[in-house]
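Enquirer: mind folding the following:
(2 chains)
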Amino acid sequence: MLADITLGQYYPGTSFVHKLDPRTKILATMSFIIAVFLAVSATSYAVLVAFVLSVIFLARLPVLLVVKSIKPLWIIIVLTMGIHLLTGQGEVIWSWKFISVTKEGLSMGVMMSLRLVLLLMISSILTFTTSPIVLTDGIEYLLKPFKRVGVPAHELAMMMTIALRFIPTLLEETDRIMKAQMARGAEFKGGNIIARAKGMLPILIPLFISAFRRADELAVAMESRCYHGGEGRTSMHELVYRHRDLLAALAMVVLIVIIGVLKWSNGLCVI
Amino acid sequence: MSIEVKDISYTYMTKTPFERQALRNVTVTIEKGEFVAIIGHTGSGKSTLAEHLNGLLTPSTGTVCVDGVNLNGKGDKVRSAKHKVGIVFQYPEHQLFAETIYEDIAFGPRNSGKSEEEVEKQVRKAMGFVGLDYDAFSTRSPFQLSGGQMRRVAIAGVIAMDPEYLIMDEPSAGLDPISRDAIFAQLSTVFKERDIAVILITHSMEEAAQYASRLLVMAKGQIAIDGKTELVFKEQRERLQEVGVDIPESIKITDLLCEKGLKLEKQAITKEQLVQYIKKAKGWS
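Expert: You can find the predicted model right below:
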């Protein structure tokens, strides 16, 4: 039942990409996104696709898994493609009644949907190779400079960590409560909306009670260990940049330079 | 009249990196009138096995039949077979939800389609069994009770369904000794008065030895030992140690006394027996 839900998307592994510092991975993802928006020609898109494929290979992720991450947005991708196909101006290559497809529309459509696909894939690779907890650690470090302007970096990260930490716990709890009520003959399917909503009460009420109880216990546990927010707090697992992070950073610089050169060298700035 | 488990296996989270096989080829038959204890370490598969016994989990392979009805099916027959098996989960007080104790205990009987009169009768009986006064408690909120009382309400909620097979998963976890003894005393009464099967899941050897007539010791998703309580302790000592289950204190004491030269007439399994045998051996009684 509910126990079969995978939390987040983390796909455990020990590859080069898995071992990178989360900060490196977040920054690299951001610079890749910039690179995607800089890319204008077919060549630069080929470079980007090759880059994504090599990252998937380096991370030893099943290609199908990464391709599947497109699924939630495929309608938008198809729509983007369609709109560009039908509204493009220029050399007509195919037409039927009032519909006509132009060469420019086709290339624009392919580029735009490829852009979406690449964005989705790269951000999934980030979550596939980084466990949620490590990811929030990275976010906290990266947000630190913004503390001066009042961004509560530590508090945000702590809230995210706690929320992530309790998703599996509450799922388990829900599963247990559901089973317990099912063992008492409760059925959660069938009936109209009101009957179904009423049927959910035996699950929701115990779940809320247990969530509040857990929050209370957690607060007491944190306070009894003298938790007092982010001031002067040290971390058990300090994030350290290693050689591989330098390597990854270099790779990103090279990628951006290539994309930049491709954009500005041939003077064909479309965007 | 029995629960028949035939060669079942179960795997959690199949086809993910977190795949874990919880049960491997388990075969066991539990007859009505038996008091069975399932013991084993955390993660040995006890609770997973229990959840198969009333169809909450469907085995990956193999079948579970209650009174001859395969639980992996649909229809009224299967549903009524599932209703014959009551299960009290760990920390059952966490599943209370209704405004009054009466409403909470009535949830099960109502779901099995009983008339309101019958429901009231069942609730009264169930509250009597767990030692809660109907007039004093039925209209109170379950959330104002103490932990031990809440657990009794939750147990009553299962008893009210008139199960023919009653599964209890760690009913004594987190309770003080007095509440624990009370719950076991009530459990023994239910067992004796109703001719049902009781399946007690526990990792306390003491509890298992004291109440159960048959032991199922689980290890690594399999049944490692299955036998009468006295015989298991007499003949399977090494096997018990192998799977990392401790023997009850009273047996250890019997052994120590024997080493020191005090021979008891029989192996004492429960505290009461131990006291009785020592008295006899010493000629005090």
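
Enquirer: quick one: name the residues of chain B near chain A.
Expert: When proximity is defined as C-beta under 8 Å from any C-beta of the partner chain, chain B approaches chain A at B:12-14, B:16-18, B:51, B:54, B:56, B:83, B:85-87, B:89-90, B:92, B:94-98, B:107-108, B:111-112, B:143, B:157-158, B:161. Every C-beta, even on glycine, is put in place using the N, C-alpha and C of the backbone.

Enquirer: just the buried positions in stretch B:39-56, please.
Expert: Of the residues in stretch B:39-56, B:39-40, B:44-56 count as buried by neighbour count, 16 or more other C-beta atoms under 10 Å in any protein chain shown.

Enquirer: what does stretch B:177-190 give?
Expert: By 16+ other C-beta under 10 Å, the buried positions in stretch B:177-190 come out as B:179-180, B:182-184, B:186-187, B:190.

Enquirer: could you pick out the buried ones from the residues of chain B next to chain A?
Expert: Using 16+ other C-beta under 10 Å as the burial test, the residues of chain B next to chain A include B:12, B:51, B:54, B:56, B:83, B:85-87, B:89, B:92, B:94-98, B:107-108, B:111-112, B:157-158, B:161 as buried.

Enquirer: list the buried ones in the helix or strand where residue B:26 lies?
Expert: In this assignment (DSSP states H and E), residue B:26 forms part of strand B:20-31. By 16+ other C-beta under 10 Å, the buried positions in strand B:20-31 come out as B:22-23, B:26, B:28, B:30.

Enquirer: with stretch A:137-156 instead?
Expert: In terms of neighbour count (16+ other C-beta under 10 Å), stretch A:137-156 has its buried residues at A:137-142, A:153-154.

Enquirer: of those residues, closest to residue B:4?
Expert: Of all these, residue A:137 has the smallest distance to residue B:4: 51.4 Å, by C-beta to C-beta.

Enquirer: how far away is the residue of chain B found nearest chain A from residue B:97?
Expert: At 3.1 Å from chain A, residue B:111 is the closest residue in chain B, using C-beta to the nearest C-beta. Note on residue B:111: its distance to residue B:97, by C-beta to C-beta, to the nearest Å, is 13 Å.

Enquirer: just flag the most distant two among the buried residues of stretch A:137-156.
Expert: Across these, the longest distance by C-beta to C-beta is 13.4 Å; it joins A:138 and A:154.

Enquirer: TSV please, covering the buried residues of stretch A:137-156 and showing distance to chain B.
Expert: TSV is the format used below for the buried residues of stretch A:137-156 (distance: C-beta to the nearest C-beta, whole Å):
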residue	distance to chain B
A:137	22
A:138	22
A:139	24
A:140	26
A:141	27
A:142	28
A:153	31
A:154	30
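
Enquirer: in strands, which of those appear?
Expert: Assigned to strands by DSSP state E, none of the buried residues of stretch A:137-156 qualify.

Enquirer: would you list the phi and psi of residue A:151?
Expert: Main-chain dihedrals, residue A:151, degrees, to the nearest 10: phi -80, psi 120.

Enquirer: and residue A:125, by the same measure?
Expert: Torsion angles, degrees, to the nearest 10, at residue A:125: phi -60, psi -40.

Enquirer: ok, residue A:242 next?
Expert: Per-residue torsions, residue A:242: phi -120, psi -180 (degrees, to the nearest 10).

Enquirer: just the strands in chain A please.
Expert: A:92-96, A:99-102.
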